[in-house]
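Q: starting from these lines, generate the structure:
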Amino acid sequence: MYVKLANYVDAINKYRRTKISNRNFLIVAALVVGVLAGLAASLLKALTHHIEDFLQSGFHWQYKYYLFLVFPLIGILLSVLYVRRFIRKGTFETGLTPLLFTISKKSSKVESHNIYSQIITAALTVGFGGSTGLEAPIVTSGAGIGSVVGRFLGLSYRETTMLLACGAAAGIAGAFNSPIAGIVFAIEILLPEFTIPSFIPLLLASATAAVIARLFYNEQLFFLVTEGWKFNALIWYVLLAILIGLFSIYFNKAYYFIKKTFYKIKHPYYKVLVGGTLLGGMVFLFPTLYGEGYITIKNLLSGSYSSVVSNSIFSGYSTLPWVIILFTIVTVFAKSAATLVTLSAGGNGGIFAPSLIMGGLIGFVLAYTINTLGFAQVNVANFIVAGMAASLSAIMHAPLTGIFLIAEITGGYVLMVPLMITSAIAYLINRSKNKYSIYTKPLAESGGHRALLKWNKKGSSY
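A: Have a look, this model is predicted:
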């Protein structure tokens with residue numbers, strides 16, 4: 001059966017080489033990858049949100065809120081059980097670092113199980129309350145689709161790498177309904193050196209995924225109402241950028257500290273027990289930590305400032321401004337800890353969404369404090385949006401991705417100047433302390449980053 005399939009594929013490849021150039025065929029393949037990655041993004045979002053909705057709204061029991069102490073543990077445990085039970089012949093890794101290592105060391109061969117295993121484990125982790133994002137899993141799933149399609153069609157390493165990047169871009173485009181951000185992400189993170197022709201497959205894959213995802217899951221992530229930004233608020237945007245830049249340095253340190261702490265726990269189920277218990281306690285005290293956390297930012301953008309506190313055990317004080325400020329500050333640090341504990345304990349997800357949430361909360365705290373103390377009157381929603389862009393730029397070392405992603409998902413193109421200023425300053429502050437991002441530091445330490453840079457310098461011919 002396998003031999004017949006291989007012969008059939010070879011016959012197709014021989015035929016298409018005589019009828020269509022590699023460059024044009026790569027465009028067709030990019031469209032296919034875009035469609036499949038868009039479907040994968042829609043499936044992941046729908047599956048995750050169905051689990052969340054059932055646990056939070058569809059499941060009725062008098063004392064069900066006490067189960068939020070154990071829901072995150074259950075989600076991480078199910079993810080670990082799935083990996084250990086069903087992925088025996090290959091390896092399962094989370095985050096974007098393995099993807100970069102794959103490009104630099106393994107000829108862009110992403111194991112095929114990532115197409116579905118990333119979706120299953122991420123939906124279980126986040127749906128049950130794991131405080132991470134869905135973006136890294138869908139990027140890996142999309143990259144897996146591109147890699148498998150490239151290898152199935154017998155394409156070269158560079159052609160397969162381009163399809164891998166197309167899948168990653170399509171994943172971001174499908175997850176956020178943001179095709180431009182998908183393209184920028186692929187170029188900035190996966191393909192720092194590229195030629196103009198390589199832009200076309202990325203554009204088509206990203207746009208196609210956005211269309212497919214919109215057909216199956218048409219939900220706008222954020223709504224921003226703004227009249228623009230004022231020149232006299234510029235100094236406060238600079239202050240915001242400095243605060244987020246400093247916080248991103250703290251987040252880097254916390255990332256490696258928590259990762260090393262859990263690394264000392266050798267038994268995987270002990271990690272689940274310790275991490276799940278800690279996470280459950282944090283979610284119980286700070287309900288905004290549950291899952292991705294986008295609902296909190298939506299409420300703040302709509303002007304519901306007390307929502308940060310209203311669902312917690314401190315809800316009786318939700319009308320006091322100083323309680324809102326202090327509780328939000330604590331929530332920012334709790335979110336960073338919850339995210340890192342989720343990942344270190346065995347859950348699947350990424351720091352993409354948490355970066356946005358933490359940056360948005362910092363932007364809210366600064367603007368709300370300025371207005372409350374009477375220093376000035378600034379637009380709180382604008383600072384939330386600028387904070388999200390700055391945080392993503394600093395933590396991921398991806399300023400262009402931060403700028404265009406936030407502009408797309410909020411419709412905040414009128415805020416382009418504040419987004420550019422805050423993203424650039426926050427990124428430079430983090431870069432002054434950390435030469436490599438969280439994703440590329442392990443590669444640099446292992447020597448893989450040199451191979452990645454060597455490939456980048458050669459560039460892609462597609």
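Q: restricting to C-alpha, output stretch 370-390 in PDB.
A: Coordinates of each C-alpha in stretch 370-390 appear next as PDB, following Å, rounded to 0.1, in the frame of the first residue of the first chain:
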ATOM      1  CA  ILE A 370      -3.000  58.800  36.000                       C
ATOM      2  CA  ASN A 371      -6.700  59.600  35.600                       C
ATOM      3  CA  THR A 372      -7.500  58.700  39.200                       C
ATOM      4  CA  LEU A 373      -4.700  60.900  40.700                       C
ATOM      5  CA  GLY A 374      -5.500  63.800  38.400                       C
ATOM      6  CA  PHE A 375      -2.100  64.000  36.700                       C
ATOM      7  CA  ALA A 376      -3.800  64.100  33.300                       C
ATOM      8  CA  GLN A 377      -6.800  62.700  31.500                       C
ATOM      9  CA  VAL A 378      -5.700  60.000  29.100                       C
ATOM     10  CA  ASN A 379      -7.600  57.400  27.000                       C
ATOM     11  CA  VAL A 380      -7.500  54.200  29.000                       C
ATOM     12  CA  ALA A 381      -8.400  52.000  26.000                       C
ATOM     13  CA  ASN A 382      -5.500  53.400  24.000                       C
ATOM     14  CA  PHE A 383      -3.000  52.600  26.800                       C
ATOM     15  CA  ILE A 384      -4.400  49.000  27.000                       C
ATOM     16  CA  VAL A 385      -3.800  48.600  23.300                       C
ATOM     17  CA  ALA A 386      -0.300  50.100  23.400                       C
ATOM     18  CA  GLY A 387       0.600  48.000  26.400                       C
ATOM     19  CA  MET A 388      -0.300  44.800  24.500                       C
ATOM     20  CA  ALA A 389       1.900  45.700  21.600                       C
ATOM     21  CA  ALA A 390       4.800  46.700  23.700                       C
END
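Q: and it, what's buried?
A: For stretch 370-390, the neighbour count (16 or more other Cβ atoms under 10 Å) marks 370-371, 378-390 as buried. Any C-beta I mention is one placed from the backbone N, CA and C, and that applies to glycine too.
Q: quick one: low-confidence residue ranges for the chain.
A: Scanning the chain for pLDDT under 70 picks out 1-7, 9, 12-13, 15-19, 21-22, 58-65, 106-107, 192-198, 217-228, 445-462.
Q: how is it divided into domains?
A: According to automatic domain parsing, the chain comprises the domains 2-216, 231-439.
Q: now the shortest one, how far from the centre of its chain.
A: Domain 231-439 has its average C-alpha position 13 Å from the chain's average C-alpha position, going by Cα atoms, centre = their mean, to the nearest Å.
Q: ends of it, how far apart?
A: 36 Å (Cα to Cα, to the nearest Å).
Q: next SSE after the top helix by length along the chain?
A: When the chain is parsed with DSSP state H, its longest helix is helix 22-53. Downstream of helix 22-53, the next assigned helix or strand under DSSP states H and E is helix 71-86.
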